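**Q** sequence and predicted model, in that order:
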Amino acid sequence: MRKQTRFVAYLSILAMLVGSMQSMQAQAVTYRIDPIHSFIIFRVKHLNTGFAYGRFNSFSGTIVVDEKNPANSSIELEIDANSVDTGNSQRDDHLRSPDFFNTRQFPKITFKSTRVRKINDTTVEVQGDLTMRGVTRPITARVTFTGKGRNQRGQEISGFETTFTIRRSQFNINYGLNGGLDDEVRVTFAVEGIRQ
Amino acid sequence: MSVVFESMLTAGLAALAAGVFWLLGWRLRRAHALLSALGVSVGFAVLYWRVQGRPDFPPIDATQWVFWHALLALPLGWLAGITPAYRWVWVWGALLGVLWLFVPPFRPLLESGFWSLTVGVAYIVGFALATWLLMTLTAPLGEERGLATPFLIALLGGVSAGVLFYGAKSASLAQLSGTLGAVVGVGVPLAFLRGFTIGRGAVALAMLLFMSLWTTALGFAQLTPGQLVVLYLLALTPALRLLPAMQRLSPAVRLALPLAIVLVVGGAAVGLTYRAYMAQSGDYYSY
């Protein structure tokens, strides 16, 4: 009888452990960035007149979402700086040159979050380190949850979007600051992640 | 402020800095060797700061080494003007100096695997030896009176700017190179002062900086080895004036021959790079 009681007790503890592990797994969900349905676009003012837009075509990364404890959420992103695309190959070559990204020496632009704070049910504030042209600077961005669904393969997908502004001079990208191109660059990152 | 005005202001300030040191060197003959090199060194530093902003030390970005070359190579420029009895110090010092100066800028390309070890070492040693040869062969031009030397170097700067702009696709390297030509070009009006020479150090240092810009454009931008060779040969062209056969000719002919080569070959080089650049895209991109 005593043996039976002990067995039931062990079983209950095991069930609780498995249950809590499952709930932990349910809390933190990892999404792999789908590069086909994600976009990194930027804009900068040209000659103090109009806005020039561009994008990066190649990037990868993961987003970890913990709805119960947003502080456990994180974002990691790696952009191929050579994939810059502004719709003009001469301008793209110029952007790859030492005047801007210096992609021969710095082929990657990376972002790694350091802190995530919940603002409301659909928005979090993400702080992290952006590394570009060998310089790492902290940035803060508000990331909005834009939707959830399933793709054609039946995989669970989630959408997020953020827009933030950086000063390119902080990353040693100083060319044309005197009236040619503005220092402020607005970046929009719209992502669709596939649940892993 | 317009971009054109900004560029002209930059060129004016850099040229003014060089001109002040050269005028001082003209007045203070004993310090001529140092002031001759200081003119190029400070002029280029002013120019770089205006175009690219304050560089780090040691540079995170390898292309910033161009700025530090202008300052670190100052002793080499000064040595170039040393008395003939000790000129061997300059020759060997320049060789060791350039070998040391050309390693740090290109190390990142070896570390990232963009160049294999063999190719990278061959490039770096090749750059250093070619620069040493260029500096030692052209330095004596700085002792020549008259406007030929600064004028030819200024013209070289113009050709170099065109090739770097359309060939390397780097506007900043083109601006640095073209304005370096303008800095040396200050020697043209100063050449009308009695007994004025820009000095061996100025020529040696200017040539080192041109090579630093061109090799940077090859390593980090899109300058091709062929374009680099053409620019290098054009930089050697003014030294034709030093050949014994040329020394016997009239001053006008001694200027006309290298001038014609720089204009024709340099013009063709700029024209060809421009054509290739335009063939890349139907629409002209004006930076």
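**A** Okay, I see it. Residues are numbered from 1 along each chain as shown, chains lettered A, B, ... in the order given.
**Q** what ranges does the chain have for its helices?
**A** Because you didn't say which chain, this covers chain A. Ranges of helices within chain A are A:2-27, A:89-96, based on DSSP state H.
**Q** um, chain B though
**A** Under DSSP H, chain B gives helices at B:3-27, B:32-52, B:65-72, B:74-80, B:87-101, B:103-111, B:117-138, B:148-163, B:171-185, B:187-190, B:200-220, B:225-236, B:244-247, B:251-280.
**Q** so where's chain B shaky on pLDDT?
**A** In the predicted model of chain B, residues B:1, B:281-287 satisfy pLDDT under 70.
**Q** show the contacting residues for the nearest residue to residue B:32 once chain neighbours are set aside.
**A** Using Cβ to Cβ, 6 or more residues apart in numbering or on different chains and skipping residues adjacent in sequence, the residue nearest residue B:32 is residue B:25, 4.4 Å away. For every residue, glycine as well, the C-beta is placed using N, CA and C. Contacts here follow Cβ atoms under 8 Å, 6 or more residues apart in numbering or on different chains; on that basis residue B:25 touches B:31-32, B:34-36, B:39, B:199.
**Q** for those, work out which two are farthest apart.
**A** B:31 and B:39 (11.7 Å; Cβ to Cβ).
**Q** and these two? Which one has more around it.
**A** Comparing residue B:31 with residue B:39 by other Cβ atoms under 10 Å in any protein chain shown, the one with more neighbours is residue B:39, at 32 against 15.
**Q** so what's the more buried one up against?
**A** Going by Cβ under 8 Å, 6+ apart, residue B:39 touches B:17-22, B:25, B:183, B:198-199, B:202.
**Q** farthest pair within the residues you listed?
**A** Longest span within those, Cβ to Cβ: B:17 and B:199, 15.3 Å.
**Q** more neighbours, these two?
**A** Between residue B:17 and residue B:199, counting by other Cβ under 10 Å, residue B:199 is the more crowded of the two (31 against 22).
**Q** which residues touch the closest residue to that one other than its chain neighbours?
**A** Distance criterion Cβ to Cβ, 6+ apart; nearest residue to residue B:199, sequence neighbours excluded, is residue B:36 at 2.5 Å. Neighbouring residues of residue B:36 by Cβ under 8 Å, 6+ apart: B:21-22, B:25, B:77, B:81, B:142, B:198-202.
**Q** at 10 Å instead, please
**A** If you count contacts by Cβ atoms under 10 Å, 6 or more residues apart in numbering or on different chains, residue B:36 has them with B:18, B:21-22, B:24-26, B:77-78, B:80-81, B:142, B:187, B:197-205.
**Q** run through chain A and note the low-pLDDT ranges.
**A** Regions of chain A meeting the criterion pLDDT under 70 cover residues A:1-26.
**Q** partners of residue A:29 in the sheet?
**A** Per DSSP bridges, the residues bridged to residue A:29 are residue A:65.
**Q** and it, how many residues sit next to it?
**A** By the criterion of other Cβ under 10 Å, residue A:29 has 17 neighbours.
**Q** just say which of the helices of chain B is most tucked in.
**A** Mean neighbour count (mean count of other Cβ atoms under 10 Å in any protein chain shown) peaks for helix B:200-220 among those, with a mean of 28.
**Q** any idea how far that helix is from the chain center?
**A** Helix B:200-220 sits 4 Å away from the centroid of its parent chain (Cα atoms, centre = their mean, to the nearest Å).
**Q** ok, residue B:142 touching residue B:148?
**A** No: using Cβ atoms under 10 Å, residue B:142 is not in contact with residue B:148; the gap is 11.4 Å.
**Q** what residues does chain A put near chain B?
**A** Residues of chain A lying near chain B by Cβ under 10 Å from any Cβ of the partner chain: A:46-48, A:86-100, A:102-107, A:133-135, A:169, A:171-181.
**Q** ChimeraX command for the buried members of those?
**A** Burial among these is assessed by 16 or more other Cβ atoms under 10 Å in any protein chain shown; the matching ChimeraX selection reads:
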select /A:86,88,90,91,92,93,94,95,96,97,98,99,100,102,103,104,105,106,107,133,134,171,172,173,174,175,176,177,178,180,181
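**Q** in strands, which of the residues of chain A next to chain B fall?
**A** Cross-referencing the residues of chain A next to chain B against strands under DSSP state E gives A:46, A:135, A:181.
**Q** out of those, who's nearest chain B?
**A** Distances from chain B to these, taken as Cβ to the nearest Cβ, are shortest for residue A:135 (6.5 Å).
**Q** quick one: stretch B:261-273 near chain A?
**A** No: Stretch B:261-273 does not reach chain A (Cβ under 10 Å from any Cβ); its nearest approach is 12.5 Å.
**Q** residues in contact with that stretch?
**A** Identification of contacts with stretch B:261-273 by Cβ under 10 Å, 6+ apart yields B:151-153, B:155-156, B:158-169, B:223-224, B:226-227, B:230-231, B:233-238, B:240.
**Q** rerun that using 7 Å as the cut-off
**A** With contact meaning Cβ atoms under 7 Å, 6 or more residues apart in numbering or on different chains, stretch B:261-273 is reached by B:152, B:155-156, B:159, B:162-163, B:166-167, B:227, B:230, B:234, B:237.
**Q** same check, this time on stretch A:85-100
**A** A:52, A:54-55, A:57, A:82, A:84, A:101, A:103, A:173, A:175, B:63, B:169-173, B:220-222, B:277, B:280-281, B:283, B:285, B:287.
**Q** and with 8 Å instead?
**A** Contacts to stretch A:85-100, defined as Cβ under 8 Å, 6+ apart, come from residues A:52-57, A:81-82, A:84, A:101, A:103, A:173, A:175-176, B:61, B:63, B:168-173, B:216, B:220-222, B:277, B:280-281, B:283-285, B:287.
**Q** then stretch A:29-48?
**A** Residues outside stretch A:29-48 that contact it (Cβ under 8 Å, 6+ apart): A:51-56, A:58-67, A:77, A:79, A:157-158, A:168, A:179-182, A:184-196, B:3.
**Q** can you do 6 Å?
**A** Contacts with stretch A:29-48, where a contact means Cβ atoms under 6 Å, 6 or more residues apart in numbering or on different chains, come from A:51-56, A:61-65, A:158, A:181-182, A:185-196.
**Q** next, the contact list for residue B:79, please.
**A** For residue B:79, the contact set (Cβ under 6 Å, 6+ apart) comprises B:90, B:93.
**Q** to clarify, my last question referred to residue B:207.
**A** By Cβ under 6 Å, 6+ apart, residue B:207 lies in contact with B:134-135, B:138.
**Q** then residue B:99?
**A** Here residue B:99 is in contact with residue B:128 (Cβ under 6 Å, 6+ apart).
**Q** distance of it from residue B:118?
**A** From residue B:99 across to residue B:118, the span is 17 Å (Cβ to Cβ, to the nearest Å).
**Q** check residue A:124 too.
**A** To residue B:118, residue A:124 is 50 Å away according to Cβ to Cβ.
**Q** hmm, back to that, quick check, nearest of the contacts of residue B:207 to chain A?
**A** Nearest member of the contacts of residue B:207 to chain A, counting by Cβ to the nearest Cβ, is residue B:134, at 22.4 Å.
**Q** gap between the closest one and residue A:111?
**A** Counting by Cβ to Cβ, the gap from residue B:134 to residue A:111 is 44 Å.
**Q** and residue A:171, by the same measure?
**A** Distance of residue A:171 to residue A:111, given as Cβ to Cβ: 12 Å.
**Q** same thing with residue B:205?
**A** For residue B:205, the distance to residue A:111 equals 42 Å [Cβ to Cβ].
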